[in-house]
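everything below, folded, please.
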Amino acid sequence: LKVALSGLGGDELFGGYSSFRDIPRWRARAARLRGIPGLAAIWPIVARRLAPETPKLASVLRYGASFAGAYALRRAVFLPHEVDRLLERSGLAEPGIRPYDAPFDAWEQMRCAVLGDPTHLLRDPWKAVHRLESSLYLRHQLLRDADWAGMAHGVEIRTPLVDSWLRAKMGKLDFEPAKSSGKAALVRAAVPELPRQLFLRPKSGFQLPIADWLEADSCGRRPSRVGAQSRRLALLVLEGFGVSIPASDTSREVDLRE
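Residues are numbered from 1 along each chain as shown. This is a model prediction of the structure:
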């Protein structure tokens, strides 16, 4: 039986994502900016003028001052008010049902992940991001994507880093040295014989241009950034299920941007 070994779970366990640095920083900055009288009210207008191609910037003060809100802002494909708009167009919005609240959802998911009140995690932002990335991004997206992609090609995928025993051992070590010095420092300590050049290579990253493949008018278009690709693909999927986005709706143009 042939299997493929995957490194899924390594970035969540060893702090490999930029979110481990970004989310605590965004939260602190948003909290300071919210303290400036009147800024929260005019910020969306200012942000759209400063960076019209980055719609998330307009929502930084609205969501970013809380930990779960900053995480939702970091990972969300659509912002909460955009989701509400899409639900209304699809006819799925029901009277009396609370609007979609991404920060609330992220906090509730973390509460389930720690089997209790996760407030204590806020004293250690690194561990809070670890819990959120593991219980949301890894569980609900990466592992599912790996499963269907592997099964589509008849390949069994193994994820040795998604392991409760390994996580417990790392927890006893307070996730060091990865927590203080990064994932590369942990690998160096565990496998010092690896050549130095491996640690000097830039992170390559990748994206799947599925939206380009599906759109008939994408020929010759320069590949868009990962976030913009995700938004375009989500809209194409919604349209496939009959949730049409009017071409005259200016929000569609915004929705397609990073």
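
contacts and neighbour counts: CA atoms only from here.
OK.

so where is the stretch 1-150 of the chain shaky, pLDDT-wise?
Across the stretch 1-150 of the chain, the ranges flagged by pLDDT under 70 are 91-100, 113-116.

and the stretch 151-258 of the chain, by the same measure?
205-208, 216-228, 244-258.

now the helices for it?
164-172, 178-181, 183-190, 210-214, 226-240, 250-255 (DSSP state H, counting those that start in this stretch).

pick the most deeply packed of the ones you listed.
Mean neighbours per residue, mean count of other CA atoms under 10 Å, is largest over the helices of the stretch 151-258 of the chain for helix 226-240, with a mean of 18.

counting by contacts, list what it packs against.
Under the contact definition 3 or more CA pairs under 8 Å, 6 or more residues apart in numbering; DSSP states H and E, helix 226-240 sits against helix 210-214.

and the helix it packs on, how far out from the chain middle?
Chain-centre distance of helix 210-214: 21 Å, with CA atoms, centre = their mean, to the nearest Å.

ok, stretch 29-40 next?
Worked out by CA atoms, centre = their mean, stretch 29-40 lies 24 Å from the chain centre.

return the set of buried residues in it.
Buried residues in stretch 29-40, counted by 16 or more other CA atoms under 10 Å: 30-31, 33-34, 40.

of the residues you listed, which pair is most distant in space?
A31 and A40 (10.5 Å; CA to CA).

shared neighbours, those two?
Taking CA atoms under 8 Å, 6 or more residues apart in numbering as the criterion, A31 and A40 both touch L61.

picking that back up, in CSV: the helices of the stretch 151-258 of the chain, plus distance to A4.
Formatted as CSV, these follow (distance: least, CA to CA, whole Å):
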stretch, distance to A4
helix 164-172, 20
helix 178-181, 25
helix 183-190, 21
helix 210-214, 23
helix 226-240, 25
helix 250-255, 36
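
what's around D22, how many residues?
Here the number of neighbours of D22 (other CA atoms under 10 Å) works out to 14.

what's near enough to touch the closest residue to F175 other than its chain neighbours?
Nearest residue to F175, sequence neighbours excluded (CA to CA, 6 or more residues apart in numbering): F14, at 7.1 Å. Taking CA under 8 Å, 6+ apart as the criterion, F14 is in contact with 175, 178-179, 182-183, 186.

can you redo those as CSV with distance to W26?
Putting the contacts of F14 into CSV (distance: CA to CA, whole Å) gives the following:
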residue, distance to W26
F175, 23
A178, 21
K179, 19
G182, 19
K183, 22
L186, 26
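
for the helix or strand hosting L87, buried residues please.
Taking DSSP states H and E as the definition, one finds L87 inside helix 80-90. Going by neighbour count (16+ other CA under 10 Å), the buried part of helix 80-90 is 80, 83-84, 86-87, 90.

then that helix to CSV, C-alphas only?
The C-alpha coordinates for helix 80-90 follow below in CSV (Å, rounded to 0.1, in the frame of the first residue of the first chain):
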residue,chain,number,x,y,z
PRO,A,80,-19.1,39.1,8.2
HIS,A,81,-21.2,41.9,6.6
GLU,A,82,-20.4,40.4,3.2
VAL,A,83,-21.6,36.9,4.4
ASP,A,84,-24.9,38.5,5.5
ARG,A,85,-25.3,40.1,2.1
LEU,A,86,-24.6,36.8,0.3
LEU,A,87,-27.1,35.0,2.6
GLU,A,88,-29.8,37.5,1.8
ARG,A,89,-29.2,37.1,-2.0
SER,A,90,-29.3,33.4,-1.7
